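S.K.: sequence first, then the predicted structure:
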Amino acid sequence: MDKLKYTTYLAGPIEHATKDEMINPREDITKELYGYKEVGIYDPIKQESEKVGKESGEQVKYIQGLKKAGRYEQFFHNMWSIWFGQINENSDIIQVLQHLRMTKHIHGNTKAEFNCWGDAEAVVRSDFIIVYLPDTKTVGTHWELFLAALFRIPAYVILPDRSKTEANSTMLFGVMLSGGEVFYKIKDCTDHIKEKYNLVK
């Protein structure tokens, strides 16, 4: 399998976003980076739907349905699969994430592996993450940004609805801690990435 030169994760609201809000920004980012074969793009919308066996974008209703039905054991297993993929549920999460980060540095990544990863693994095995962060309620996106900050993985955050000075201070600190930057438009962000990482088609 061909090793990827760069891997990125597409973070953004899922649970409290409409289907279009979930999918469209990720598709726009993917289109901007299309043809750059050295970059592997992990899209959680597609990967999460496969893990729970639902159509892309429909996994949210399924997970919410498990909560409403009080099926919390099944809810936990599905959420574990989304976040941690095939990793054993009794694992020491911190040690595992550190190991996965080292695995990325030692062995690299291939696109074929994406189906086995959970979202947390995809973040820590990324070279940078792209975060689309509108004024929509989200928790998972902030978890991903926090993981990136802890591992000093640059987070390139797109704020379509507010300025950098209006942004949440802790979120902005996380971006700075990660070594990332803030943008207001998808194209400005992807153009920066193409230049910074010397991407060529």
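M.R.: Structure received.
S.K.: who's in contact with L100?
M.R.: Contact analysis of L100 by Cβ atoms under 8 Å, 6 or more residues apart in numbering lists E121, V124, R125. All C-beta atoms are positioned from the backbone trio N, CA, C, and that covers glycine.
S.K.: need the contact partners of the lowest-mean-pLDDT helix or strand in the chain.
M.R.: When each helix and strand of the chain is scored by mean pLDDT, DSSP states H and E, helix 44-52 comes last, with a mean of 80. The contact list for helix 44-52 (Cβ under 8 Å, 6+ apart) reads 9-11, 14, 22-23, 26, 55-59, 62-63, 78, 81-82, 85, 114-115, 117-119, 122.
S.K.: if any of those residues are buried, give me the ChimeraX selection for them.
M.R.: The ChimeraX selection below is limited to those of the contacts of helix 44-52 classed as buried (16 or more other Cβ atoms under 10 Å):
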select :9,10,11,14,22,23,26,57,59,62,63,78,81,82,85,114,117,118,119,122
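S.K.: next step: the contacts of helix 44-52 restricted to helices.
M.R.: M22, I23, R26, Q59, Y62, I63, N78, S81, I82, D119, A122 (DSSP state H).
S.K.: any idea how far the fifth one is from K54?
M.R.: According to Cβ to Cβ, to the nearest Å, Y62 and K54 sit 5 Å apart.
S.K.: next one: the second one
M.R.: Taking Cβ to Cβ as the criterion, I23 is separated from K54 by 14 Å.
S.K.: so who does G40 touch?
M.R.: With Cβ under 8 Å, 6+ apart, G40 has these contacts: L4, Y6, T7, T8, N109, T110, K111, F114.
S.K.: the same query, at a cut-off of 6 Å, please.
M.R.: Counting by Cβ atoms under 6 Å, 6 or more residues apart in numbering, G40 touches L4, T7, K111.
S.K.: same deal with G179?
M.R.: Applying Cβ under 6 Å, 6+ apart, the residues near G179 are R152, P154.
S.K.: hang on, the earlier thing: in ChimeraX, how would I select the buried members of the contacts of G40?
M.R.: This is the ChimeraX syntax for the buried subset of the contacts of G40, where burial follows 16+ other Cβ under 10 Å:
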select :4,7
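S.K.: kindly reformat the contacts of G40 as TSV containing secondary structure and pLDDT.
M.R.: Listed next are the contacts of G40 as TSV, based on DSSP: H, G, I helix; E, B strand; the rest coil; pLDDT from 0 to 100:
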residue	secondary structure	pLDDT
L4	coil	96
T7	strand	97
K111	helix	93
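S.K.: would you turn the contacts of G40 into JSON lines with distance to H192?
M.R.: Below are the contacts of G40 laid out as JSON lines (distance: Cβ to Cβ, whole Å):
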{"residue": "L4", "distance to H192": "20"}
{"residue": "T7", "distance to H192": "17"}
{"residue": "K111", "distance to H192": "23"}
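S.K.: which one of the contacts of G40 is nearest to V157?
M.R.: Closest to V157 out of the contacts of G40 is T7 (17.9 Å), distances taken as Cβ to Cβ.
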